[in-house]
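# return atomic coordinates for the entry below.
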Amino acid sequence: MEGGTGDGLRVAVVGCGYWGSKHVRVLHALDGVAEVSIVDSRADRLQALARNFKTAPCYAELRSALPHVDAVVVATPPSMHVPVALEAIAAGKHVLVEKPLAPTTAGARRLIK
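Sure thing, here's the model as predicted:
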């Protein structure tokens, strides 16, 4: 599977589980997306998804991907939604967080400030 070509949005998907893999597949099919990076701290999941998206840059941590992307999709386990989203926001990236936004109301409030 190949991603979009030419100018367009560069997106990192963080989390290579069930939902993350779906985000990668859909983003790769969109004309307005130039590149989809895959981020996961688990090498086994990262490698499994990368086999289907051979041109996708792969990273073990978000901080390495951030200089190369415009937006971040957070598809990690819910307990990691807030810290991952805050890291991307601090880097000035557009962020989409899978539901739930946060596991607690306090966490959600941190994200919307």
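
# ok, which stretches of the protein are strands?
9-14, 33-39, 58-59, 71-74, 94-97 (DSSP state E).

# report the beta-bridge partners for the residue nearest to the spatial centre of the chain.
Centroid check for the chain by CA atoms, centre = their mean gives residue 13 as the closest residue, at 1.8 Å. For residue 13, the beta-bridge partners under DSSP bridges are residue 38, residue 73.

# contacting residues around it?
Residues near residue 13 by CB atoms under 8 Å, 6 or more residues apart in numbering: 20, 23-24, 27, 36-39, 72-73, 75. To be clear about C-beta, it is placed using only N, CA and C from the backbone, and glycine gets the same treatment.

# among those residues, name the buried ones.
20, 23-24, 27, 36-39, 72-73, 75 (16 or more other CB atoms under 10 Å).

# just give me the closest of those to residue 62.
residue 39 (5.4 Å; CB to CB).

# OK, contacts around that closest one?
12-16, 46, 58-62, 65.

# just among those, which is most surrounded?
residue 13 (32 neighbours; other CB atoms under 10 Å).

# for that residue, give its distance to residue 59.
Note on residue 13: its distance to residue 59, by CB to CB, to the nearest Å, is 10 Å.

# how deep is residue 93 tucked in, by neighbour count?
For residue 93, using other CB under 10 Å, the count is 19.

# please verify my assumption that it contacts residue 65.
No. Taking contacts as CB atoms under 8 Å, residue 93 lies outside contact range of residue 65: 9.7 Å.

# what do the two both touch?
residue 72.

# reformat the strands of the chain as TSV; add mean pLDDT and distance to residue 103.
Below are these laid out as TSV (pLDDT from 0 to 100; distance: least, CB to CB, whole Å):
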stretch	mean pLDDT	distance to residue 103
strand 9-14	99	16
strand 33-39	98	20
strand 58-59	98	24
strand 71-74	99	13
strand 94-97	98	12
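
# how about these in a markdown table, adding distance to residue 86?
Below are the strands of the chain laid out as a markdown table (distance: least, CB to CB, whole Å):
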| stretch | distance to residue 86 |
| --- | --- |
| strand 9-14 | 12 |
| strand 33-39 | 15 |
| strand 58-59 | 18 |
| strand 71-74 | 10 |
| strand 94-97 | 9 |
